[in-house]
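Undergrad: following is a predicted model, sequence given first.
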Amino acid sequence: MKIPSISKPSTPDLVLTLGATSLVVVCLFLLGAPAMKHLQGRAAEAEVRGNAATLQLAAETYASKNLGRYPDDPLDLLPYLPGDVAPANPLTGDVLHFRNEPGDLTYRSPSRGSDYVIEAWGADRDGHAHRILVLQSAVVNR
């Protein structure tokens with residue numbers, strides 16, 4: 001059995017092949033970059049929603065240990081959060097400051113202990129904060 005020999009490619013063929021390959025890579029990058037940015041934004045928003053759920057669990061745990069009363073200050077929830085620290089803001093990497101800023105959460109107790117409102121804040125296209133989720137305690141008649 002005779003093995004066919006492969007001839008050495010010519011320089012113009014190599015240049016054409018490299019040019020076509022480069023064009024394909026550039027097109028994939030140009031089409032993929034916006035999709036990647038969109039996916040990163042959705043992942044950050046999902047993490048903010050998860051942080052809100054974690055804070056809600058901390059508020060309910062606090063209430064179970066304090067005769068059904070919720071704290072007025074979100075810092076009172078820190079001992080009930082994982083690691084005794086506020087979760088990280090997925091957009092900045094800093095711990096939450098409980099302000100209506102992109103990636104952050106706000107917490108308040110309008111009735112001063114009988115309820116709570118947790119708001120999760122995302123970022124719009126211009127980077128401004130907008131509310132993406134509101135979690136509230138169940139209204140209980142006492």
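TA: Perfect, I can see it now.

Undergrad: what about the residue lying closest to Leu91 once chain neighbours are set aside, neighbour count?
TA: When the adjacent residues along the chain are set aside, Leu91 lies closest to Gly103, with 3.4 Å between them (C-beta to C-beta, 6 or more residues apart in numbering). Bear in mind the C-beta positions are built from the backbone N, C-alpha and C, glycine included. For Gly103, the neighbour count with other C-beta atoms under 10 Å is 23.

Undergrad: residues contacting Gly103?
TA: 44, 48, 89-92, 121-123 (C-beta atoms under 8 Å, 6 or more residues apart in numbering).

Undergrad: mind checking the SS state of the residue found closest to Pro82 once you drop the neighbours it is linked to in the chain?
TA: In this structure, Pro82 finds its nearest non-sequential neighbour in Thr54, 7.2 Å apart by C-beta to C-beta, 6+ apart. Per DSSP: H, G, I helix; E, B strand; the rest coil, the secondary structure class of Thr54 is helix.

Undergrad: find me the pLDDT at Thr54, would you?
TA: In this model, Thr54 is scored at 96, pLDDT.

Undergrad: quick check, Tyr107 in a helix?
TA: No: residue state for Tyr107 (three-state DSSP) corresponds to strand; a helix is not indicated.

Undergrad: touching, the residue nearest to Pro82 and Pro87? I think so.
TA: Yes: using C-beta atoms under 8 Å, Thr54 is in contact with Pro87, at 6.0 Å.
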